[in-house]
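[1] Sharing a model that was predicted from the sequence below.
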Amino acid sequence: MTRLDRYIFSQSLQPLLLITISVSAVIWLTQLLQRVDLVVEEGGSLWSFFQVGILIIPSLLAVIIPFAVLATTLYLLNRLMADSEIAVMACAGASRLRIARPLLVLGFAASLVTLWINVDLMPRGYREMKQIVREVRADIARSLIRSGEFATAIDGLMVHAEEVRPGGQFLGLLVYDFRDPEKPVTYMAESGLYRNSEYGPRLHLANGNIQRLNNDDEIEIVRFIETAVDMTDYQKLEINPVLEETERYINELLFPDMTKDYDKARAERLIAEGHARLATPLYTLFFVLIASALMLRTNFNRFGYSKIIQRVVVIAIVVRVFGYFWQNLATSMPLFNIVQYAWPLGASMIAFVLLVGSRGWFAEKNRAGGAI
């Protein structure tokens, strides 16, 4: 890099970090508040809540980074033009492309980061987050049973505990099992322990009795030292967990497993999502190109450049919205997966032509005595 490159690049880093962090923090807080039920209703720990909060950050950055780069480019060029630094660079022989070059490097680096997030960080984070939520919900001691309260663990099974202790331990248990309405059973035990065994989740009871009606409709009481209550239905939705779109890596999106009903029914949607993740980073470069092209082609204006900035923002938003539109069409017409790449690439080529202008790629280079 030359001194000019280093100067423009270094001037862009601080606003980029500030914009990315501030916008991410605001959106992150709104997303985090939507998951408070993990602690309030599901009984998860603060550590689980904190882990979930960290794991949603990559998915936010994948959306925020391209627009943060756009805002950074507009801010920096507006400042350089207002301070007449762009005019000085042009008088020294720097073309528009020469001035925009460090910003294009920044956009390219941001594109690679976005691609890395889409390909690896985001699906990995969603998988770990789903596992944490599953573990919290699987702990019946924290998610359902409260000391001194009656709780319906699953349909047809009511549990009451005098005291709930850490690790799925209970004291003074009363379990009413009416999953078979014709043969309801009541369990009373001094203590209990909830565990996931190789046969499924079980509620182990110790030192108690079983009360049920015999064939003569008489109450039959059977004392036990140890027994277990089957809780398989409690986790019936987790026996065969399905990987949703956000939890899949690129190969799992582009090549769905057609032997699975979920993948077979949503194959085109999964493929469209896979191509969208690969195409999204291309918009970052387009944002830099269109912002640089329109800003650097503007003549000096002592009233500012707000109209040009508004124009750039509108164009960027329209192009990006159409990107989502092509992705949606691709879920029913796979041919539009090609358009997902062609659209940002075509827009970038048009922006590049606007940037370099009709006088060539390096217009007036060395006009004032050499390259900068």
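    Received it, and whenever you're ready, just let me know what you need.
[2] where along the stretch 201-350 of the chain do the helices fall?
    For the stretch 201-350 of the chain, the helices defined by DSSP state H, counting those that start in this stretch occupy 250-254, 261-265, 267-279, 282-296, 306-330, 336-356.
[3] Show me which helix or strand of the protein is least confident by mean pLDDT.
    helix 140-143 (a mean of 57; mean pLDDT, DSSP states H and E).
[4] Give me the domain ranges for the protein.
    3-138+245-356, 144-237 (automatic domain parsing).
[5] Check those domains for me and report the most buried one.
    Here the criterion is mean neighbour count by mean count of other CB atoms under 10 Å, and of those the winner is domain 3-138+245-356, at a mean of 18. In this view, the C-beta of every residue, glycine as well, is placed from N, C-alpha and C.
[6] quick one: the closest residue in space to residue 146 that isn't next to it in sequence and residue 145, what's the gap?
    In this structure, residue 146 finds its nearest non-sequential neighbour in residue 164, 6.6 Å apart by CB to CB, 6 or more residues apart in numbering. Distance of residue 164 to residue 145, computed by CB to CB, to the nearest Å: 6 Å.
[7] Identify the contacts common to the two.
    residue 170 (CB atoms under 8 Å, 6 or more residues apart in numbering).
[8] which stretches of this structure have low pLDDT?
    Where the chain drops to pLDDT under 70, the residues are 37-45, 136-144, 153-154, 167, 197-200, 232-241, 299-304, 358-372.
[9] now the strands for it?
    150-154, 157-165, 169-177, 185-197, 200-213, 219-230 (DSSP state E).
[10] Can you say which of those is nearest to residue 99?
    For the strands of the chain, distance to residue 99 was read as CB to CB. The smallest value, 61.7 Å, belongs to strand 185-197.
[11] mind exporting that closest one as PDB, just the C-alpha atoms?
    Listed next in PDB are the C-alpha coordinates belonging to strand 185-197 (Å, rounded to 0.1, in the frame of the first residue of the first chain):
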ATOM      1  CA  VAL A 185     -51.800 -44.500  39.000                       C
ATOM      2  CA  THR A 186     -50.600 -42.300  41.900                       C
ATOM      3  CA  TYR A 187     -46.900 -42.400  43.000                       C
ATOM      4  CA  MET A 188     -45.800 -41.000  46.400                       C
ATOM      5  CA  ALA A 189     -42.100 -40.900  47.200                       C
ATOM      6  CA  GLU A 190     -39.700 -39.400  49.700                       C
ATOM      7  CA  SER A 191     -37.300 -38.400  47.000                       C
ATOM      8  CA  GLY A 192     -36.800 -38.500  43.200                       C
ATOM      9  CA  LEU A 193     -34.200 -37.900  40.500                       C
ATOM     10  CA  TYR A 194     -34.700 -36.900  36.900                       C
ATOM     11  CA  ARG A 195     -32.200 -38.500  34.400                       C
ATOM     12  CA  ASN A 196     -31.900 -39.100  30.700                       C
ATOM     13  CA  SER A 197     -31.100 -42.800  30.300                       C
END
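[12] What strands line up against that strand, and which way round?
    strand 169-177 (antiparallel), strand 200-213 (antiparallel) (DSSP bridges).
[13] Including distance to residue 83, could those strands go into a markdown table?
    Output for the strands paired with strand 185-197, formatted as a markdown table (distance: least, CB to CB, whole Å):
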| stretch | distance to residue 83 |
| --- | --- |
| strand 169-177 | 68 |
| strand 200-213 | 67 |
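[14] With residue 70 as the reference, name the closest of the ones you listed.
    Nearest of the strands paired with strand 185-197 (CB to CB): strand 200-213, 49.8 Å.
[15] how big is the angle separating the closest one from strand 157-165?
    On the basis of axes from the mean of the first three to the mean of the last three CA atoms, to 10 degrees, strand 200-213 is oriented at 110 degrees to strand 157-165.
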